[in-house]
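1. Please work out how this folds:
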Amino acid sequence: MTNPFEDKDGIFIVLINDEGQYSLWPNFCQVPEGWSVKFGPDRKEACSEYIENNWLDMRPTSLIREMESASHSG
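-> This next block holds a predicted model:
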C-alpha cells in the first residue's frame, strides 16, 4: 500500500488550524480535531499551490502576536 499523503494523482484538501498553519490532507481522511478545511477538494498540485500562495508567514499566529506586542511595548 502506498502512502496516501504522497499520491500524486490523489484528491486533497488544504487544512488550517487556529495558529494559521496549513496542512495538505487526503480528501478521504477525516479532518483532525482543531483543523478546518480552507481549500479543496482538488488535485495535489492545486492544493500545494494554494498553500504556497497563502501561507506566507510560517510563524504561528500566537508568536506573531507576541512579537508584535513586544515591539510595541519597547
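
2. need the longest strand for the chain.
-> Counting residues, the longest strand found in the chain (DSSP state E) is strand 35-43.

3. Show me the strands in this protein, by range?
-> Under the criterion DSSP E, the chain carries strands at the ranges 11-17, 22-26, 35-43.

4. closest to Asp57 out of the ones you listed?
-> Evaluated with Cβ to Cβ, these place strand 22-26 nearest to Asp57, the distance being 11.1 Å. Where you see a C-beta, it was placed from the backbone N, CA and C, and this is true even at glycine.

5. what's the closest one packed up against?
-> The contact analysis (3 or more Cβ pairs under 8 Å, 6 or more residues apart in numbering; DSSP states H and E) places strand 22-26 against strand 11-17, strand 35-43, helix 44-54.

6. low-confidence ranges in this protein?
-> 1, 74 (pLDDT under 70).

7. Nearest residue to the middle of it?
-> Most central residue of the chain, judged by C-alpha distance to the mean C-alpha position with Cα atoms, centre = their mean, is Tyr22 at 1.2 Å.

8. I am finished for the moment; much appreciated.
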